[in-house]
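[1] sequence and predicted structure are below.
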Amino acid sequence: MMLDPALKTRFTPKALKPIDLPQQFVSGCFSPCGAFFFAGSMEGQLGRWCVVPDTAEPELIALSTLTGLTAWVSVCVALPDGKHVVAADSWGNLAAWSYCADSTEPVWKMANAHDGWIRSIAVSPDGQTLVTCGRDGRIVFWSTGGQKKSEVVASGDLSIVRFAPDGKSLFVGSLEGKVAQYSLEPIAKLREFDASPLFKVNRLQDVGGVRTLAISPDGFTLLVGGTQPVNGGNVQGKPTLLAFNIADGTLKNKIELGTDGDVYVTDLEWHHDGCWLITTSGNPGQGKLLTWRVEDEQPLAEVKLSNCHFVRQHPSGRWFAALTTNANSNGNGKVLDKSGEYFGNRSPLQVLVLPS
C-alpha cells in the first residue's frame, strides 16, 4: 500500500550541520535536562560535552573527559537524578561519575562486575535500580550507588536489556536470537519470544542475534532488531525488525529495512511525533536512519548515513542525533600521508530534525 505523500513528508528527517567528534565512539546519551552529551569511546574513556542552548543548530563544547574504565565503553546511561552518568566497558567494568563536577574520576566503580563484555545497561522507570547484562549470561541488578542487589543466571551471550514502561518486568535479548520477559517481584521468566530469524550458525560461527530491543510507550508492543543473516565472516543480511504482542508473544509484524549489505538494525528510539527512529549499519560506508510506524509495511522515510551506531532524541524534543562513522573509514592500518602517520576513524554526530 502506498504511503500518503503528506505523511511521508512529515516524517522525512532533515539533516542539519554534523558535529565532528575527535575519535571513534560507540555509545552515547544525553543528560535528562539536555545540557550534557556523553559518548563512550574505543579508548576506555567517556567523552563529555556541554550542549549549547538557544542556537539555530546544536553545538557541543568539549569538557574534560571522564576516565576510569579500561576498554571499549560499550554502553552509557544518564540517571534520572540529573547528576550522574553510568557506563560499562568490554572488560566487564562498571562505573559512575558526577558529570557536573570537575573531577574526571568515578564516584564509584565495580571492577569485574561481569566476566567480560557488559553489553547493556537499563535504568528502572523509578530511577532506583540499574540492571546490566553481558556475555557471561548474567542479569545483575544494582542500586544507583553501585551496590549489587541480586542477579539471574540466564543462558547465552546476553546483548540487550530493557525495562517495561510500568517497571514490573524486564526484557532480555541474546546474540543467539532469543528474547525473554522476566517478572521482577518475584524474579521469574514469564514468556519467550521467537526471534530465531535473527540468528544463524554458519561455518561454526554464530551470526546475527538480537541487537536492540524497545517497548512501545503504551507497553503493548515489543520491537526486536537485528539482521536475517545470510553468512558469517563479512556478515551479510537484511536489517530486520520483529514486532511482538507482549501479552501473548505473537508476532504482529516483520519488516525488512534494506538489502543484504545493510545488515544490522543497531538502535531504536521512540520519537514524540509518533514514529520510531531506526539506525542500521552494514558493509563499510553502509548505514541508514529510518522513520517507521509499527502498523506500516514499509518505512516512512530514510536518510543514508555511514555506519550508524545509535540514535538519541534530545530531551527538548526539537532534534535528535545519530552517531556514525566517518566516510572512507580505514580498518586495515594503512598509512594515510607521506609522513607515515596513521589517522584513526572518527564519529561524526549527525544532527537531524523532523519537519513537524
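    Looks like it came in fine.

[2] once you drop chain neighbours, what's closest to Gly47?
    Ala39 (4.4 Å; CB to CB, 6 or more residues apart in numbering). (Glycine included, C-beta is placed from N, CA and C.)

[3] what's the local residue count around Thr280?
    Neighbours of Thr280 under the rule other CB atoms under 10 Å: 28.

[4] what about Lys189, which SS state?
    Following DSSP: H, G, I helix; E, B strand; the rest coil, the label given to Lys189 is strand.

[5] can you give me every residue that contacts the residue nearest to Gly47?
    By CB atoms under 8 Å, 6 or more residues apart in numbering, the contact list for Ala39 reads Leu21, Phe25, Ser27, Gly28, Leu46, Gly47, Trp49, Cys76, Leu323, Ser347, Leu349.

[6] what lines up beside the helix or strand containing it in the sheet?
    Following DSSP states H and E, one finds Ala39 within strand 36-41. For strand 36-41, the pairing partners within the sheet under DSSP bridges are strand 25-30 (antiparallel), strand 46-52 (antiparallel).

[7] now the shortest one: average pLDDT?
    Model confidence over strand 25-30 averages 96 on the pLDDT scale.

[8] and stretch 128-144, end to end?
    End-to-end distance for stretch 128-144, by CA to CA, to the nearest Å: 6 Å.

[9] that older thread, filter the contacts of Ala39 down to the buried ones and hand me the PyMOL line.
    One line in PyMOL is enough to select the buried ones among the contacts of Ala39; burial here means 16 or more other CB atoms under 10 Å:
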select buried, resi 21+25+27+28+46+47+49+76+323+347+349
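
[10] looking at the contacts of Ala39, which is nearest Ala15?
    Leu349 (11.4 Å; CB to CB).

[11] what's the helix or strand for the closest one?
    According to DSSP H and E, Leu349 maps onto strand 347-353.

[12] restricting to C-alpha, output that strand in PDB.
    The C-alpha trace of strand 347-353 is given here as PDB (Å, rounded to 0.1, in the frame of the first residue of the first chain):
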ATOM      1  CA  SER A 347      32.500   9.500  14.700                       C
ATOM      2  CA  PRO A 348      30.500  12.400  13.200                       C
ATOM      3  CA  LEU A 349      27.400  13.100  15.200                       C
ATOM      4  CA  GLN A 350      24.600  13.600  12.600                       C
ATOM      5  CA  VAL A 351      22.000  16.100  13.800                       C
ATOM      6  CA  LEU A 352      18.500  15.800  12.400                       C
ATOM      7  CA  VAL A 353      15.000  17.200  12.800                       C
END
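
[13] strand partners of it, parallel vs antiparallel please.
    Strand 347-353 is paired, per DSSP bridges, with strand 14-15 (antiparallel), strand 19-21 (antiparallel), strand 320-323 (antiparallel).

[14] so for stretch 246-266, what gets flagged as buried?
    For stretch 246-266, using 16+ other CB under 10 Å, the buried residues are Ile246, Asn253, Ile255, Leu257, Gly258, Asp260, Gly261, Asp262, Val263, Tyr264, Val265, Thr266.

[15] same deal with stretch 29-41?
    Using 16+ other CB under 10 Å as the test for burial, stretch 29-41 gives Cys29, Phe30, Ser31, Gly34, Ala35, Phe36, Phe37, Phe38, Ala39, Gly40, Ser41.

[16] now swap in stretch 230-239 and tell me
    Under 16+ other CB under 10 Å, the buried positions of stretch 230-239 are Gly232, Val235, Gln236, Gly237, Lys238, Pro239.

[17] test my guess that Trp75 contacts Ile118.
    Quick fix: residue 75 reads Val, not Trp. Yes. Assessed by CB atoms under 8 Å, Val75 is found in contact with Ile118 at 6.7 Å.

[18] show me the common contact partners of those two, please.
    Ala88.

[19] returning to what we had before: out of the strands paired with strand 36-41, nearest to Ser64?
    Nearest of the strands paired with strand 36-41 (CB to CB): strand 46-52, 6.8 Å.

[20] out of the strands paired with strand 347-353, which is the most enclosed?
    Most buried of those by mean neighbour count (mean count of other CB atoms under 10 Å) is strand 320-323; its value is a mean of 25.
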